[in-house]
Each structure stands twice: as structure tokens, then as C-alpha cells.
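*Asks:* Curious how this folds, go ahead:
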Amino acid sequence: MTPTQLAVEAWSRSTIAANLLREPRDVIVIGAALGGLTALCKVASGLPRGFEAAILISLDIASQPASSVLQILGNYSPLPVGYAKHGASVLRGRIVLAPLGHHLRVAQPGIIALEACASLSDAGPSVDALFKTAAGVYGKRLIGVVLTGDSHDGTSGSTAIEAAGGVCVVQDPDESVDAEMPLSVIRGDHPAYCIKLEQMAPLLVRLAAGELPPRR
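*Replies:* Numbers count the residues shown, from 1 in each chain. Alright, predicted model coming up:
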């Protein structure tokens, strides 16, 4: 072999080895509240058709009719959108939301568990409950995303995801309708990425493929 051929072969081997070391992150959990539906629509619209990660969402917008939420998000999403059903399996390539008045949890080995909100708090669906239970099931396969919202919900859940080997992303507080949720995560957890909504979908695609782009 010539030196050039040897170099090409060595590069090919290193590339193959790097790809083999990549571990896909095939579950994404998202938390949002005030302004969250608009933010979710922007993120969903940027995802490719056939995106192979499962997406579970805790969205606290009790004032919005449940059917309207599905219709609005479904108009932007290339993936099927629906409300979670107790006992159903978490499936890739679908977007599932916590139904009105229920917390969305994940149980082993990837089964949806719903719990009435009154049993945990008087607030809407708990982001922390979703994040913590998903972290316990999926570990380093998990991506957590905190979008706009007016509470501290999602902060301890993001810490649990990072501790389990997952990756956390927050929306840039400067463009959030209410910056409290992403700011709380930034103060308490130091997430891997803090980005604008227009950058969110491309980043999620790369993270789901097993990449870990430079942190920003």
C-alpha cells in the first residue's frame, strides 16, 4: 500500500470505530408552561419526517382546550401527535403529551404511567416527575428539554437526567415568553446547551443520532 492508501485506511477505521462508539439517544422529554405551545410548534416543525426518537411532553397550559392543543401542534409536526394513555408503551417516532389533569411518568421497561395531578400537587403536569422517572428508565439514552415557563419545574428533573448520563437542553431565556423555567435550570444544573428555538430541532437530531456537538 502507498502512504496515501494507508492514511485513507487508517482514517476509515477510525471513523468506523467512532461511529460504533456512538450511542443513540432515542427518548426526548420536554417540559414547558407559559408560551410553551408556540415554542413546541417551532421545535416540532423543524424535525424531519421519520425522526426515530420518542418524544414525551409535560405541557402546563390548562386554559387551552385539550383538542385544540393536539390540533395546533399536529399542524406543525411531521410526527403523529397524541395524548398519553396509561399502560401504553413508549414508541419512537411519536409525540405524546400528558393529558389534562394528569402527570406523565415512565415505568420500566418503558411503559407510560398516568397519575392524577391532585395526588402530587395542585399544579399542572409535573415536568420533574416526567424527567426523573424517564431518567431512571433510560439513563444516557435520554435528552431533556426545558422550554419557556413561569415556575421552577424541571430543575431537579434536569439534574436527575444529567446524573443518569443524559443530556439537558434549555431554551435561551432571552427569547422565552417567561424565562423562569430555563433560568432555574441554568442556575441549578448548568445544562449542556442553551440555544434559541430555531437551533433546537437540528441539535435534537444530532443528539438523537449519538453525536455530542460542542457545548454552547
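
*Asks:* Please count neighbours and contacts with C-alpha atoms only from this point.
*Replies:* Fine.

*Asks:* got the contact list for the closest residue to His152 other than its chain neighbours?
*Replies:* Among residues not flanking His152 along the chain, Met181 sits closest, at 5.2 Å (Cα to Cα, 6 or more residues apart in numbering). Met181 makes contact with 32, 146-155, according to Cα atoms under 8 Å, 6 or more residues apart in numbering.

*Asks:* element containing the residue lying closest to Val43 once chain neighbours are set aside, please.
*Replies:* Take Val43 and drop its neighbours on the chain: the residue closest to it by Cα to Cα, 6+ apart is Ala201, 5.4 Å away. Using DSSP states H and E, Ala201 sits within helix 197-208.

*Asks:* ok, and what's touching that helix?
*Replies:* Contacts with helix 197-208, where a contact means Cα under 8 Å, 6+ apart, come from 24-27, 39, 42-44, 46-47, 51, 53, 143, 171-172, 212-213.

*Asks:* what does stretch 105-114 give?
*Replies:* Stretch 105-114 is contacted by residues 84-90, 98, 102-104, 115, 129-130, 133-134, 137 when judged by Cα under 8 Å, 6+ apart.

*Asks:* how does it look with 10 Å?
*Replies:* For stretch 105-114, contacts defined as Cα atoms under 10 Å, 6 or more residues apart in numbering pick out 56, 58, 84-91, 96, 98-99, 101-104, 115, 125-138.

*Asks:* what's the spacing between it and its chain's center?
*Replies:* 16 Å (Cα atoms, centre = their mean, to the nearest Å).

*Asks:* buried ones in that stretch?
*Replies:* If you call a residue buried by 16 or more other Cα atoms under 10 Å, then stretch 105-114 has these buried ones: 105-107, 110-114.

*Asks:* now do stretch 82-92
*Replies:* Residues of stretch 82-92 classed as buried by neighbour count (16+ other Cα under 10 Å): 82-85, 89-92.

*Asks:* just the strands in the chain please.
*Replies:* Along the chain, the segments classed as strands by DSSP state E run 27-32, 54-59, 81-83, 95-97, 102-107, 111-116, 142-146, 167-171, 193-195.

*Asks:* Redo the ones you listed as CSV? Include distance to Val69 and mean pLDDT.
*Replies:* Listed next are the strands of the chain as CSV, based on distance: least, Cα to Cα, whole Å; pLDDT from 0 to 100:
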stretch, distance to Val69, mean pLDDT
strand 27-32, 13, 98
strand 54-59, 10, 97
strand 81-83, 10, 97
strand 95-97, 10, 98
strand 102-107, 15, 96
strand 111-116, 19, 95
strand 142-146, 18, 98
strand 167-171, 20, 98
strand 193-195, 24, 97
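
*Asks:* want to throw the buried residues of stretch 82-92 into CSV with distance to Ile161?
*Replies:* Shown next, in CSV, are these (distance: Cα to Cα, whole Å):
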residue, distance to Ile161
Gly82, 24
Tyr83, 23
Ala84, 21
Lys85, 23
Ser89, 20
Val90, 18
Leu91, 20
Arg92, 19
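
*Asks:* from these, which is closest to Gln64?
*Replies:* Checking those against Gln64 by Cα to Cα gives Tyr83 as the nearest, at 14.2 Å.

*Asks:* I'd like to know how far the residue nearest to the closest one when sequence neighbours are not counted sits from Gly74.
*Replies:* Excluding its sequence neighbours, the residue lying closest to Tyr83 (Cα to Cα, 6+ apart) is Leu97, at 4.8 Å. For Leu97, the distance to Gly74 (Cα to Cα, to the nearest Å) stands at 12 Å.
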